[in-house]
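1. got a sequence here, can you model it:
(chains A and B)
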Protein chains: 2
Amino acid sequence: MAILSCPLPRPATDRILLAHGGGGRLTNQLIESVFLSAFSNSALESRHDGAVLSASGTRLAMTTDTYVVQPLIFPGGTIGDLAVNGTVNDLAMCGARPLALSAGFVLEEGLAMEILHTVVAAMREAARVANVPIVTGDTKVVDKGKGDGIFLNTTGIGVVVAPKPVGPESVRPGDAVLVSGDLGAHGITILSVRDGLEFEGPVSSDTAPLWAPVQALFEAGIEVHCLRDLTRGGLSSALNEIASVARVRITVEETLIPVSDVVRGACELLGLDPFYVANEGRFVIFVPESDAGHALEILRSQSVSAGAAQAGTVHEDRSGIVTVRSRIGGHRVLDMLSGEQLPRIC
Amino acid sequence: MAILSCPLPRPATDRILLAHGGGGRLTNQLIESVFLSAFSNSALESRHDGAVLSASGTRLAMTTDTYVVQPLIFPGGTIGDLAVNGTVNDLAMCGARPLALSAGFVLEEGLAMEILHTVVAAMREAARVANVPIVTGDTKVVDKGKGDGIFLNTTGIGVVVAPKPVGPESVRPGDAVLVSGDLGAHGITILSVRDGLEFEGPVSSDTAPLWAPVQALFEAGIEVHCLRDLTRGGLSSALNEIASVARVRITVEETLIPVSDVVRGACELLGLDPFYVANEGRFVIFVPESDAGHALEILRSQSVSAGAAQAGTVHEDRSGIVTVRSRIGGHRVLDMLSGEQLPRIC
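-> Predicted coordinates for the structure are as follows:
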């Protein structure tokens, strides 16, 4: 029978690949084929950063993330503050004020206690800045060689303050697409320390809590349609997921999207596109065009989103595609990555 | 200087040991020295299975657990239903009706997709039985050799239905100590499959959701003082933690605590004490002596706690110790394990 076997490579869907964790198309396929089909419920199917549910009349948001970043400590942060900020941000993206976090550690036998202390201290400081308590936790230890120092799950609950649903399904043709600041710093930082690369200048992670600018938008009465932080898969994954769920076309202008010189230089050197690189303190905001100017003013008044810019527009077109108008005026499709650009970035 | 160095072994507190994850004294030391000191807040300091907090007037419970059990699939369950049941149970122990769960996966590159499907199917079934939706999730993939198949965090939120605080601080001298069923099946099952041991008969994990019997107790108006599931560290760790926080002495009668013949035989063979072995569907209940008979009736009417028994009593004595009256009438102290009896049991 060997002679009849097909010589073409098949997608290896019978084993988990690193790319299944990359936040791109394979991650989406895994979620759809394994998790959504098993756990179907309306909260999960909204495919947002968190679920919104009702508890005795209170609207709660719930979100979970496990962090597996390597190295555990990097310029600008550690796995600890990355986790706290990441979960605070996923709640913020649901329009929810963070109420409480849990922390679940998987520690590898032999981990230096000093590293754990550093990570925990960074978590405490991040929780203090974000004004959210870590109310419950769990610690497991696995044999040496069966883990990688620290894996850290943070799950958060928050109280939804958004007056209307915030999510991809609320995006409308005509909406303005705002980006909260320059892209790519987190991903390039991790890459640089992991591979010992040096670029034109120092670069450090943008990890930061985003509730303050989100709260300011709601307090000013901005009609926020959708919020999404630009983590794994970067701007590209976020916009593609939103365009696909909202069944619209999104166009962005390359020249309007802020990217620092260091990140741009590093991306050119490495053949990376900054629109695909992970961020941990940046988000996109969809608002009606009429609110865009006011929203930008508010965002720019907060330090974490001081570099906010209007980057694009939503169009009536059920294709669900995202296009970029380049510096030289041409258009290209900003597709979702199939796999993994940088593994274990968060 | 080498000549002056101390030849006695020092406790290796500068590195994480497997015993830090065992649920015994070293786990407690780690929690106190690293986590509690960093994240101090009243919810965390109650040292219960979960935190109780208030959201716009609704009393919520929140609990988190990461599961690292090996093997992933064992007689009576998988890591998936173990995780769902474990989190449902931690909520139940807070007197809370499970409202929603999150699931955070860390998958190892190369994991067979079939195993993931089996685990996810078991989660779905456990969630269906416990009547709780899995509303949000996260998937990370780590390089081959940096994980161990699947690590799974489940975090749960629930609505507290207990009319009064349920926890160690509510335990009073004179309380009866009830045990919901026979002890040790989960731990002995994991040990038997891991080491290929065969005992006098088949043994399978007791993993099960415990909300139904807890709800029945509250609905019947039983004055429940404390609930605790008997996971890592077994009955011994649970009673010691409660006695220590409540500043009471707890005595139990060895002859009154149910242990199956297979588990008793296996424990004798292996030199284990069933009071230290992990359970995943058993709990202790502290109620006033006057409610004990009624509570036992209710517990025995539910299949998961059909084997409930009154096992001991709480005494006025601020020592915080736990003693067992043995079969032959002698008393011994049931101390907390220092380290790990069986690593990676849950």
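
2. measure A:Glu108 to chain B for me?
-> If you measure A:Glu108 against chain B using C-beta to the nearest C-beta, to the nearest Å, the figure is 7 Å. Bear in mind the C-beta positions are built from the backbone N, C-alpha and C, glycine included.

3. that residue contacts A:Ile150, doesn't it?
-> Yes: distance between A:Glu108 and A:Ile150: 7.4 Å, which falls inside the contact criterion (C-beta atoms under 8 Å).

4. and the two? Which one has more around it.
-> Taking A:Glu108 and A:Ile150 together and counting by other C-beta atoms under 10 Å in any protein chain shown, A:Ile150 has the greater number of neighbours (24 against 19).

5. OK, contacts around that one?
-> A:Leu72, A:Ile79, A:Phe105, A:Val106, A:Leu107, A:Glu108, A:Leu111, A:Ile115, A:Leu116, A:Val119 (C-beta atoms under 8 Å, 6 or more residues apart in numbering or on different chains).

6. what of A:Asn131?
-> With contact set as C-beta under 8 Å, 6+ apart, A:Asn131 has these partners: A:Pro98.

7. name the SS class of whichever residue of the stretch 51-200 of chain A sits closest to chain B, please.
-> When distances are taken as C-beta to the nearest C-beta, the stretch 51-200 of chain A approaches chain B most closely through A:Val141, which lies 3.0 Å from it. Three states are possible here, and by DSSP: H, G, I helix; E, B strand; the rest coil the one that applies to A:Val141 is strand.

8. count the neighbours of it for me.
-> Other residues near A:Val141 number 28, with proximity taken as other C-beta under 10 Å.

9. skipping its backbone neighbours, what lies nearest it in space?
-> By the measure of C-beta to C-beta, 6 or more residues apart in numbering or on different chains, the closest residue to A:Val141 outside its immediate chain neighbours is B:Gly21, 3.0 Å from it.

10. got the contact list for the one you found?
-> If you count contacts by C-beta under 8 Å, 6+ apart, B:Gly21 has them with A:Leu107, A:Thr139, A:Lys140, A:Val141, A:Val142, B:Thr27, B:Val68, B:Glu340, B:Pro343, B:Arg344.

11. can you count the residues close to the third one?
-> Other residues within reach of A:Lys140, judged by other C-beta under 10 Å, total 26.

12. what's the pLDDT at it?
-> At A:Lys140, the predicted lDDT confidence score is 95.

13. output the contacting helices and strands for the helix ranked longest in chain A.
-> Among all segments of chain A classified by DSSP state H, the helix with the greatest residue count is helix A:113-130. Contacts defined by 3 or more C-beta pairs under 8 Å, 6 or more residues apart in numbering or on different chains; DSSP states H and E place helix A:113-130 against strand A:73-74, strand A:77-78, helix A:79-93, strand A:96-108, strand A:134-142, strand A:150-160, helix B:37-38.

14. which of those sits closest to B:Glu198?
-> Nearest to B:Glu198, of all the helices and strands packed on helix A:113-130, is strand A:134-142, at 27.0 Å by C-beta to C-beta.

15. strands paired with that closest one, and their directions?
-> Strand A:134-142 has the following strand partners under DSSP bridges: strand A:96-108 (parallel).

16. so what's the gap between the strand it pairs with and the chain middle?
-> Between the mean C-alpha point of strand A:96-108 and the mean C-alpha point of its chain there is a distance of 17 Å (C-alpha atoms, centre = their mean, to the nearest Å).

17. hey, C-alpha coordinates of the strand or helix carrying A:Ser236 in CSV?
-> When elements are assigned from DSSP states H and E, A:Ser236 belongs to helix A:234-246. Only the C-alpha atoms of helix A:234-246 are listed here, as CSV (Å, rounded to 0.1, in the frame of the first residue of the first chain):
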residue,chain,number,x,y,z
GLY,A,234,-1.2,42.0,16.7
LEU,A,235,-3.4,44.6,14.8
SER,A,236,-3.9,42.2,12.0
SER,A,237,-5.6,39.4,14.0
ALA,A,238,-7.7,41.8,15.9
LEU,A,239,-9.0,43.6,12.8
ASN,A,240,-9.6,40.3,10.9
GLU,A,241,-11.6,38.8,13.8
ILE,A,242,-13.7,41.9,14.1
ALA,A,243,-14.3,42.3,10.4
SER,A,244,-15.2,38.6,10.1
VAL,A,245,-17.8,38.7,13.0
ALA,A,246,-19.2,42.1,12.1
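
18. before we move on, the earlier item: now for A:Glu108 and A:Ile150: what residues contact both?
-> Common neighbours of A:Glu108 and A:Ile150, using C-beta under 8 Å, 6+ apart, do not exist here.

19. mark out where each domain of chain A begins and ends.
-> Under the assignment automatic domain parsing, the domains of chain A span A:52-160, A:168-333.

20. list the buried residues for the lowest-mean-pLDDT helix or strand in chain A?
-> Comparing helices and strands within chain A by mean pLDDT, DSSP states H and E singles out helix A:42-45 as the least confident, with a mean of 75. Using 16 or more other C-beta atoms under 10 Å in any protein chain shown as the burial criterion, the residues of helix A:42-45 that qualify are A:Ala43, A:Leu44.
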